[in-house]
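> build the 3D model from these lines:
(4 chains)
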Number of protein chains: 2
Amino acid sequence: MRRSEGRSASTPAALADELWPDVRPETARRLMAAGLECFARQGYHATTTRDIAAAAGMSSAALYVHFPSKAALLFEIVRSGHEQILAVVDRAVTGAGDPAARMGRLAREFTEWHARRHAVARVVAYELKSLPEDDYRTVVDLRRRIEHLTQGLVREGIEAGVFEVRDVQAAGRAVLSLGIDVARWYEDRMRTSPRALGQQYADLVLRMLGADPA
Amino acid sequence: MRRSEGRSASTPAALADELWPDVRPETARRLMAAGLECFARQGYHATTTRDIAAAAGMSSAALYVHFPSKAALLFEIVRSGHEQILAVVDRAVTGAGDPAARMGRLAREFTEWHARRHAVARVVAYELKSLPEDDYRTVVDLRRRIEHLTQGLVREGIEAGVFEVRDVQAAGRAVLSLGIDVARWYEDRMRTSPRALGQQYADLVLRMLGADPA
DNA sequence: ACCAACACTAAGCAAGCGCTTAGTAAGTGT
DNA sequence: ACACTTACTAAGCGCTTGCTTAGTGTTGGT
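The predicted model follows:
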């Protein structure tokens, strides 16, 4: 089992190693982990630079050695989170199998990611609007690509005769909504594991799209 | 057609009249409408009391004539929003028809409410944790009642043989997730009306729960 | 006519904010 | 040995925050 496929990172540092293995030096990664924790728990605007620094075990001025601003730290978290989600969706859409199999994989892995990485997922989904204008546009573009890939797969399924939905856009959005909303309520102590939840939601999604039970 | 069943309130004042007809004096209602607008757009912590007062056309000190704090204003919005959602869900669950018909109504009206009242819905869903501890507990209790009513209806449907799902809790959460997430992305200018979206989502939900197509 | 009661504002207070500055300590290359 | 770079801290600056205070009309009962 690869390191990144465990149930969830047991410590913030381990989570940071999984999410941002390339961020150097290690102190910068620790600051990102600390920011992520604070942003996920209290939201960006309720988090002070002193909160982040304290969670990372340093003075607030240290943040500015590695990041030009609090907003830039948020951007790094949100951007890399979106890129990981895009990679998950892209692998599912362009992978092997018929549209139903690929949609099942998309729903399963998308949901699983949002449950296992619920802290990142929460910041990714709900702190978008706290970004400066330019950063916001960059991230909205990533979101559009995720939505278009998903809608494309719904359309493929309809053309292949395995899905049956009235509105492709609404159906695609519904698929993603189910996964995204997991970030709002999922907690580490939950009885259903991210993997099991992903499987359950994938079943729900396929039925929702009118796919024949396999 | 009753006033509250139009597509959406055309002005903040009209919206306020629909949402909080009993709040007196009118100035307090205007402050709530202004707070709602600001909280929905920028979030609670990014909104200053000066923002709210300016949006209501008065000085920031006027807020404290009608509310003891900024947090109390948020609480009034969040509490009344939750009570309206609970009423919608309760009417559907205890209404007429078999479980599938009642679940269809629940999904339709729940989703429709979140689209038409997307500003309130956004604050209700995402600004919970900004509330003071006591207020938070009050609201979490309302949320639990909404979830239990929904889960109960799923269970009823299973016992009546019209639904087929593995995990009742997961299925109930999925039904609500679809509606709640509408608040995150829905905008007034959208081509799909709240009513049409509610109908689409109700269809998706019934298929998701394994109900035979009616 | 008078007086509370009410609804409001201009001004401002203490606290906390993001971020900067000046300086220290520990490498690293020559 | 020495200069230079990098990573950090203590202190604090200018500004904004939620909220208060003192005072000003306006209203309605007697």
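
> tell me what the helix or strand of chain A with the lowest mean pLDDT is packed against?
Taking mean pLDDT, DSSP states H and E as the measure, the helix or strand of chain A with the lowest value is helix A:12-19, at a mean of 75. For helix A:12-19, the packing partners by 3 or more Cβ pairs under 8 Å, 6 or more residues apart in numbering or on different chains; DSSP states H and E come out as helix A:26-42, helix A:70-93. Placement of C-beta: from N, CA and C, glycine included.

> so for DNA strand D, which of these sits nearest?
Distance to DNA strand D, taken as Cβ to the nearest atom of the strand, is lowest for helix A:26-42 among those, at 3.5 Å.

> got a list of contacts for that closest one?
Helix A:26-42 has contacts (Cβ atoms under 8 Å, 6 or more residues apart in numbering or on different chains) with A:12-13, A:15-17, A:20, A:23, A:47, A:51-58, A:62-63, A:66-67, A:70, A:73-74, A:76-77, A:118-120, A:122-123, A:127, B:129.

> using ChimeraX, make a named selection holding only the buried ones among those residues.
A single ChimeraX command selects the buried members of the contacts of helix A:26-42 (16 or more other Cβ atoms under 10 Å in any protein chain shown):
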select /A:12,15,16,17,20,23,47,51,52,53,55,56,58,62,63,66,67,70,73,74,76,77,118,119,120,122,123,127
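
> okay if I get the helices and strands packed on helix A:12-19 as JSON lines plus distance to DNA strand C?
Listed next are the helices and strands packed on helix A:12-19 as JSON lines, based on distance: least, Cβ to the nearest atom of the strand, whole Å:
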{"stretch": "helix A:26-42", "distance to DNA strand C": "10"}
{"stretch": "helix A:70-93", "distance to DNA strand C": "4"}
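
> which helix of chain A spans the most residues?
Using DSSP state H to define each element, chain A has its longest helix at helix A:133-159.

> pLDDT weak spots in chain A?
A:1-10, A:12, A:214 (pLDDT under 70).

> can you tell me the SS state at the residue with the largest distance to the centre of it?
Centroid-distance maximum for chain A: residue A:161 at 30.1 Å, with Cα atoms, centre = their mean. Classification of residue A:161 using DSSP: H, G, I helix; E, B strand; the rest coil returns coil.

> identify the residues contacting it.
Contacts for residue A:161 (Cβ under 8 Å, 6+ apart) come out as none.

> give me the distance between it and DNA strand C.
54 Å (Cβ to the nearest atom of the strand, to the nearest Å).

> next up, phi/psi of that residue, please.
Torsion angles at residue A:161 (phi, psi; degrees, to the nearest 10) stand at phi 80, psi 10.

> which of the helices and strands packed on helix A:12-19 sits most buried?
Mean neighbours per residue, mean count of other Cβ atoms under 10 Å in any protein chain shown, is largest over the helices and strands packed on helix A:12-19 for helix A:26-42, with a mean of 21.

> what sits up against the helix or strand just after that helix?
The first helix or strand that comes after helix A:26-42 along the chain, using DSSP states H and E, is helix A:49-56. Defining contact as Cβ under 8 Å, 6+ apart, one finds that helix A:49-56 is touched by A:27, A:30-31, A:33-35, A:37-38, A:42, A:59-63, A:70, A:73.

> now the spatially most central residue of chain A, nearest residue through space, not along the chain?
Centroid-nearest residue in chain A: residue A:121, 4.1 Å away (criterion: Cα atoms, centre = their mean). The shortest distance from residue A:121 to any non-neighbouring residue, by Cβ to Cβ, 6 or more residues apart in numbering or on different chains, is to residue A:183 (3.5 Å).

> what's near enough to touch that neighbour?
Contacts of residue A:183 (Cβ under 8 Å, 6+ apart): A:114-115, A:118, A:121-122, A:124-126.

> list just the nearest of these to residue A:107.
Top of the list for closeness to residue A:107, among those and by Cβ to Cβ, is residue A:114 at 10.8 Å.

> state the distance from the closest one to residue A:181.
Using Cβ to Cβ, to the nearest Å, we find residue A:114 at a distance of 8 Å from residue A:181.

> show me which residues of chain A sit near DNA strand C.
Within reach of DNA strand C by Cβ under 7 Å from any atom of the strand, chain A has these residues: A:47-50, A:60-61, A:64, A:68-71.

> swap in 10 Å and give it another go.
Counting by Cβ under 10 Å from any atom of the strand, chain A comes close to DNA strand C at A:38, A:44-53, A:59-65, A:67-74, A:132.
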